[in-house]
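# Pasting the sequence and the predicted model now:
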Amino acid sequence: MWGKLIPLLLAVPSSIISPASKLVEDTRSLYKDLNSRSPVSRNYSPTIRFDFVGPPANDTSTWRDFHVHPDLGPHISKDASDESIFERVAATHGSTKPLLIYLPGLDGVGISASMQFDDLSSSFEFWRLSISKSDRSTFTELTNVVASFIDDVASKQDREVLLVGESFGGLLAPSVAMRVNAKVKTRQGAMDGENPIKGLVLVNPATSFDETQWSTFAPLLWTLRHLEQEIDAGEDQAVEKSTGRFPTPYSVLGGMALAATIPDAKQLQRIVTMFMDIPVTTSEDVTEILGNMRDGFGILGSELPPAVVEHRVRQWLPVGTAVVNKRLDKLDVPTLVIAGLDDNMLPTKKEAKRLSELMPNCKKLEIKGSGHFILDERVNLTQLILDSDLNPLKHSTKPYDPIIDWKSPSAERIHEAIEGRVKPLRALTSPVFYSTDKNGRRRMGLSNLPSSDDGPPL
C-alpha cells in the first residue's frame with residue numbers, strides 16, 4: 001500500500017558492503033525508469049498515463065531495455081486523440097497475446113511488482129498505470145480514467161482484458177470493473193451487455209483499509225513535514241560535509257513504519273543480516289553509514305512526499321472502501337485474491353476469506369510466509385494466473401483440427417523421424433532374402449535366382 005519500499009531499509013555504504021550500497025542506487029535507478037514515459041504510452045491527463053511494457057528482446061535483457069518494435073515505427077507517445085496505437089501494438093504479436101493491465105499501490109508506479117514485469121510482458125500484452133506525484137485526482141476520477149482506457153484498448157478493439165491490482169490497486173480494480181460494467185449496460189441499452197473485463201487479480205487488496213489503524217497513524221506522518229529544516233552550517237560541520245542534510249523526521253519515521261509492517265520473516269532476516277555484517281572501526285565508517293542511510297531514507301521522502309501520502313490516504317483509501325465494499329456482492333466477475341498470510345500492513349488473510357465468501361465468483365490463493373511485499377523473486381505472478389481459472393489462454397485457444405490445422409513437418413524433422421524411428425523398425429521387422437548359387441552356397445539377396453530366360457523361378 002505504501003509502495004513496498006524494502007530496498008530503502010538496505011542502505012549501507014559501498015566501502016563497507018558494496019551490494020547493499022548498490023541496492024540503494026538500483027532503487028533510485030528503478031524509480032527513475034518507472035517514472036519515465038515508456039516509448040509507447042497513452043496520456044489521459046497531464047499526471048496519469050498508461051505505459052506499454054514490451055517483452056525482453058533476449059535472455060540477457062529486461063523490460064527496462066525495451067525498444068520500440070519496428071512495426072510501431074520510431075518513438076511513440078500518443079495522447080487520447082489517436083486510437084491507432086492499440087491496433088499497432090496488437091499487430092506486433094498478431095493479436096495472439098491477451099490484454100493485462102496492472103494497477104499499482106499508493107506509490108503510483110508499482111515498484112513492488114517490477115520483478116514480475118519480464119514474465120508478464122512475455123505472456124501478455126502488458127500495460128501499466130502510472131500516476132505522477134503531482135496528481136491530485138479523486139478516487140472517482142481515477143476510476144473513470146482507467147475505465148476510459150479499458151474502453152479504448154479493449155471494448156473498441158473487441159478484446160478482453162485481465163485487470164491486476166496490487167494493494168491500493170486491488171481496491172481500485174473492483175471499482176473500475178463496476179464502472180466499466182455500468183458503461184457497457186448504458187451503451188447496450190440492456191442488462192446483458194458484455195463486460196470486456198474477464199477477470200480480476202487482487203494482490204493483498206486494500207479493500208480492508210477500513211479495518212486498520214492507518215487512518216489514525218498516517219496523519220501523524222505527514223504532519224512531520226512541518227519539522228523539516230536544513231542543518232545549521234555552524235553546527236555539526238563535519239556531518240554537514242559528508243551527509244549534506246539529515247534525513248527528515250517524516251522519512252525516518254515513515255521508514256521505520258515500513259520496516260515494521262512490510263517485510264515478512266525472510267525479508268526481515270535478510271535486512272538484519274546485512275546490517276549485522278557491517279564492520280565499524282573508525283569515525284569515517286560511522287559518517288559514511290549515516291550518509292548512506294540518509295540517502296536511503298531520502299528515496300522515501302522524494303518518491304512519496306508527505307503531501308502525496310496525505311492526499312492519497314485521505315482521498316483514495318477511505319472513499320474507495322466506502323464505495324467498493326458495499327457493492328462487492330454484486331460484482332460477478334471471475335476474481336482471484338492472492339493473499340500473503342504474513343501481511344502486517346493489512347489484515348489480508350481475513351480479507352481474502354471475506355472476499356471469497358462475499359463475491360459471487362471469487363477464489364483465494366494464500367501464499368505462506370509472504371507479507372505485504374508479496375511479489376518478490378519467490379512468487380511468479382504470471383504462472384499463478386496461468387494456473388488459475390482466469391487463464392485467458394484457455395479460452396482463446398481453439399480445438400486442434402487434424403485436417404485444417406495440419407502442417408507439413410520440416411525436412412529436418414522428417415530426417416530425424418526416419419533415422420530415429422523408421423530405420424530401426426525396418427531392421428527389426430523387414431524380411432531377409434537369400435538365394436543359392438550354382439555351387440549350392442547360400443548368398444544374401446536374390447541375385448542368384450534363375451534369369452527370366454529360364455522361365456519363372458517358381
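The structure has been received and is ready for your questions. As the structure is a prediction and not an experimental result, all values here were calculated from the model.
# Could you use CA atoms for every contact and neighbour count after this?
Will do.
# Show me which helix or strand of the protein is least confident by mean pLDDT.
Every helix and strand of the chain was ranked by mean pLDDT, DSSP states H and E. The lowest is helix 237-243, at a mean of 41.
# hey, where'd the helices end up in the stretch 1-150 of the chain?
Secondary structure of the stretch 1-150 of the chain (DSSP state H, counting those that start in this stretch): helices located at 18-35, 84-91, 117-123, 139-150.
# Would you mind telling me which of those is nearest Asp376?
Nearest of those to Asp376, taken as C-alpha to C-alpha: helix 117-123 at 11.3 Å.
# tell me the contacts of Arg442?
Tyr434, Ser435, Thr436 (C-alpha atoms under 8 Å, 6 or more residues apart in numbering).
# related to what we said a few turns ago, can I get the helices of the stretch 1-150 of the chain in TSV with mean neighbour count, mean pLDDT and distance to Leu390?
As requested, the helices of the stretch 1-150 of the chain are exported to TSV (neighbours: other C-alpha atoms under 10 Å; pLDDT from 0 to 100; distance: least, C-alpha to C-alpha, whole Å):
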stretch	mean neighbour count	mean pLDDT	distance to Leu390
helix 18-35	17	77	27
helix 84-91	16	87	21
helix 117-123	20	93	14
helix 139-150	19	96	18
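# Output those as TSV; include the columns distance to Thr212.
Below are the helices of the stretch 1-150 of the chain laid out as TSV (distance: least, C-alpha to C-alpha, whole Å):
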stretch	distance to Thr212
helix 18-35	28
helix 84-91	40
helix 117-123	30
helix 139-150	19
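# Among those helices, which comes closest to Val53?
Once those are compared by C-alpha to C-alpha, helix 117-123 is nearest, at 6.1 Å.
# and the closest one, what other elements does it pack with?
Where contact means 3 or more C-alpha pairs under 8 Å, 6 or more residues apart in numbering; DSSP states H and E, helix 117-123 is packed against helix 381-386.
# how much space between Ser114 and Tyr44?
Distance, Ser114 to Tyr44, using C-alpha to C-alpha, to the nearest Å: 22 Å.
# Repeat that for Thr27.
27 Å.
# How about Arg314?
Separation of Arg314 from Tyr44 (C-alpha to C-alpha): 23 Å.
# what's the pLDDT at Asp236?
On the pLDDT scale, Asp236 is placed at 45.
# typed the wrong thing, it's Asp51
94.
# burial count for the residue nearest to it when sequence neighbours are not counted?
Distances taken as C-alpha to C-alpha, 6 or more residues apart in numbering put Ser41 closest to Asp51, at 4.4 Å, once the chain neighbours are dropped. Other residues near Ser41 number 22, with proximity taken as other C-alpha atoms under 10 Å.
# Where does pLDDT dip in the stretch 151-300 of the chain?
For the stretch 151-300 of the chain, the stretches with pLDDT under 70 are 188-193, 222, 224-247, 249-261, 263-264, 268, 270-298.
# Three-state assignment for Val164, please.
Secondary structure, DSSP: H, G, I helix; E, B strand; the rest coil: Val164 is strand.
# ok, Ser408 to Ile414 distance?
Going from Ser408 to Ile414 by C-alpha to C-alpha gives 9 Å.
# Mind checking which of those two has more residues around it?
The neighbour count for Ser408 versus Ile414, taken as other C-alpha under 10 Å, is higher for Ile414 (12 against 7).
# and that one, what is it in contact with?
Counting by C-alpha under 8 Å, 6+ apart, Ile414 makes contact with nothing.
# Okay, buried residues for the host helix or strand of it please.
In this assignment (DSSP states H and E), Ile414 forms part of helix 411-417. For helix 411-417, the neighbour count (16 or more other C-alpha atoms under 10 Å) marks no residue as buried.
# Restrict that helix to CA atoms and write it as CSV.
Listed next in CSV are the C-alpha coordinates belonging to helix 411-417 (Å, rounded to 0.1, in the frame of the first residue of the first chain):
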residue,chain,number,x,y,z
ALA,A,411,13.0,-31.6,-43.8
GLU,A,412,15.0,-31.8,-40.5
ARG,A,413,12.1,-33.3,-38.6
ILE,A,414,11.5,-35.8,-41.4
HIS,A,415,15.1,-36.9,-41.4
GLU,A,416,15.1,-37.3,-37.6
ALA,A,417,12.0,-39.4,-37.8
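# for stretch 338-353, the distance to its chain's centre please.
19 Å (C-alpha atoms, centre = their mean, to the nearest Å).
# what about that stretch, average pLDDT?
93.
# buried ones in that stretch?
Neighbour count says stretch 338-353 has 338-349, 351-353 buried, by 16+ other C-alpha under 10 Å.
# Inside helices: which ones of the residues you listed?
Among the buried residues of stretch 338-353, the ones falling in helices (DSSP state H) are Thr348, Lys349, Glu351, Ala352, Lys353.
# Tell me where the stretch 51-200 of the chain has strands.
Counting by DSSP state E, counting those that start in this stretch, the stretch 51-200 of the chain has strands at residues 76-78, 99-103, 125-131, 161-166, 197-203.
# Just send the ones in helices among the buried residues of stretch 338-353 back as TSV, with distance to Asn181 too.
Listed next are those as TSV, based on distance: C-alpha to C-alpha, whole Å:
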residue	distance to Asn181
Thr348	26
Lys349	28
Glu351	24
Ala352	23
Lys353	25
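# Taking the residues you listed, tell me the two that lie furthest apart.
Thr348 and Lys353 (8.6 Å).
# The helix or strand containing Arg443: how far from the chain's middle?
Using DSSP H and E, Arg443 maps to strand 442-444. Centre-to-centre, strand 442-444 and its host chain are 72 Å apart (C-alpha atoms, centre = their mean).
# again, but for stretch 206-222
In terms of C-alpha atoms, centre = their mean, the centre of stretch 206-222 is set 25 Å apart from its chain centre.
# what's next to that stretch, contact-wise?
1, 167-171, 250, 253-254, 306-307, 309-310, 313-314, 317-318, 320-321, 324-325, 346-348, 351.
# Narrow those residues to those that are buried.
1, 167-171, 250, 253-254, 306, 309-310, 313, 317-318, 320-321, 324-325, 346-348, 351.
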